[in-house]
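Enquirer: Show me how the following folds:
(chains A and B)
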Number of protein chains: 2
Amino acid sequence: MAKPNLQIACDHSDLPSALKAVKAVGDVVDIIEAGTIFILQVGDIGVKSLRALFPDKLIVADTKCADAGGTVAKNCADAGADWMTVICSATIPTMKAAAKEIKEVQVELYGNWTYEDAQRWLDAGISQAIYHQSRDALLAGETWGERDLERVKKLIDMGFRVSVTGGLAVDTLKLFEGIDVYTFITGRGITEAPDPRQAALDFRNEIIRIWGE
Amino acid sequence: MAKPNLQIACDHSDLPSALKAVKAVGDVVDIIEAGTIFILQVGDIGVKSLRALFPDKLIVADTKCADAGGTVAKNCADAGADWMTVICSATIPTMKAAAKEIKEVQVELYGNWTYEDAQRWLDAGISQAIYHQSRDALLAGETWGERDLERVKKLIDMGFRVSVTGGLAVDTLKLFEGIDVYTFITGRGITEAPDPRQAALDFRNEIIRIWGE
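Expert: Numbers count the residues shown, from 1 in each chain, chains lettered A, B, ... in the order given. Predicted structure coming up:
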């Protein structure tokens, strides 16, 4: 079982705050994400700035693209993103159009997706999925449970590399012990910690403790 | 039956092109949309610019928001948007959080939504829906059909104000005759016409011919 990646999500509403956050932790993490809120606020300069600061890291544009996949993907790739996200309710043609223009596409799982949908994504050549506890659902009191873990495992068994995100803390990671998680994504759990760099190191060390180097 | 609105979608990948397009037709249409591609590229300056140019028009931010509804909605409202879109696969807490921060929220219909979902959106106080023929689906050869029209009618009967979009041309509008469509949304059908202003007038005149003044 490979060591899961650690991904930092920059979901700031302005460029300077995001740059400050990522400067502190960018070299500790494996993947840097331009979050949806951030992109909607600052545009492609967000991805371009992350790419300029961290030329050797994987950069994800979390567009949650629902349509016009080709154009959105080309714009993201032009800005320097390696990967982008599409929403699970996008059509297969949208996903395929996106996949032609950027290195990899990740499907963000929200709402009524089915395993039949998931198989169609695999058949379309898309093998990354993001299992998401909605931030708003978390605020409404919902949390990680056995049902979530079973769905993550099932997706991995189907052949997806699965990222998990939503309300993760260092203490939460052990819930996933024994599961071949591809990437843990966290935003505020690191960026709003009293010492963000130490928080990123704590996440990384807990991943190493559980999954090994 | 009220006269449907005409909405122009600016889905340019840069600010100057969008400004040029909207300058030509903004006073002809009822609603001006900052499209998803446009917002992802330029950020909130897109909505702010449309608001500055057309202080008296309805402005929509087509964020297709899937999460963090409160933050995205507040950012859109701060930039001057009257309405914003959420994707149908967003959770109800996300939709409710958005609806608290902006005048109105519109649900964008893609993928596996059900009428049970739709009733939950109504129950959550969200009464605008956008029935969408995916641009990529259109490119793949799918088009408007009786099944689409039945679903639009059903949503209207449930109590939604329904916008329709995707591959609309002046000739397509008559397919909707007798249906209480709230808004027709078109982008390239106007902005990429040889004479965009004339194209907008042609849409408006066809709406008036079918639905009256």
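Enquirer: CA only for contacts and neighbour counts going forward, please
Expert: OK.
Enquirer: which helix of chain A spans the most residues?
Expert: helix A:196-211 (DSSP state H).
Enquirer: With only the CA atoms kept, save that helix in PDB.
Expert: What follows is helix A:196-211, C-alpha atoms only, in PDB (Å, rounded to 0.1, in the frame of the first residue of the first chain):
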ATOM      1  CA  PRO A 196       0.200  26.100   9.400                       C
ATOM      2  CA  ARG A 197       3.700  24.600   8.700                       C
ATOM      3  CA  GLN A 198       3.600  22.600  11.800                       C
ATOM      4  CA  ALA A 199       0.100  21.400  11.000                       C
ATOM      5  CA  ALA A 200       1.200  20.300   7.600                       C
ATOM      6  CA  LEU A 201       4.100  18.400   9.200                       C
ATOM      7  CA  ASP A 202       1.800  16.800  11.700                       C
ATOM      8  CA  PHE A 203      -0.500  15.600   8.800                       C
ATOM      9  CA  ARG A 204       2.600  14.200   7.000                       C
ATOM     10  CA  ASN A 205       4.000  12.500  10.000                       C
ATOM     11  CA  GLU A 206       0.700  10.900  10.800                       C
ATOM     12  CA  ILE A 207       0.400   9.600   7.200                       C
ATOM     13  CA  ILE A 208       3.900   8.100   7.500                       C
ATOM     14  CA  ARG A 209       3.100   6.600  10.900                       C
ATOM     15  CA  ILE A 210       0.100   4.800   9.500                       C
ATOM     16  CA  TRP A 211       1.100   4.000   5.900                       C
END
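Enquirer: Pull out the buried positions in that helix.
Expert: Neighbour counts using 16 or more other CA atoms under 10 Å in any protein chain shown place A:P196, A:R197, A:A199, A:A200, A:D202, A:F203, A:R204, A:E206, A:I207, A:W211 of helix A:196-211 among the buried residues.
Enquirer: centroid residue for chain A?
Expert: A:I185 (5.3 Å; CA atoms, centre = their mean).
Enquirer: Just the residues contacting stretch A:104-124, thanks.
Expert: Residues from elsewhere that reach stretch A:104-124, judged by CA atoms under 8 Å, 6 or more residues apart in numbering or on different chains: A:64, A:82-89, A:92, A:95-96, A:98-99, A:126-132, A:134, A:155, A:158-160, B:66, B:88-91, B:112-113.
Enquirer: Just the buried ones out of the residues you listed, please.
Expert: Using 16+ other CA under 10 Å, the buried ones in the contacts of stretch A:104-124 are A:64, A:82-89, A:92, A:95-96, A:98-99, A:126-132, A:134, A:155, A:159-160, B:66, B:88-91, B:112-113.
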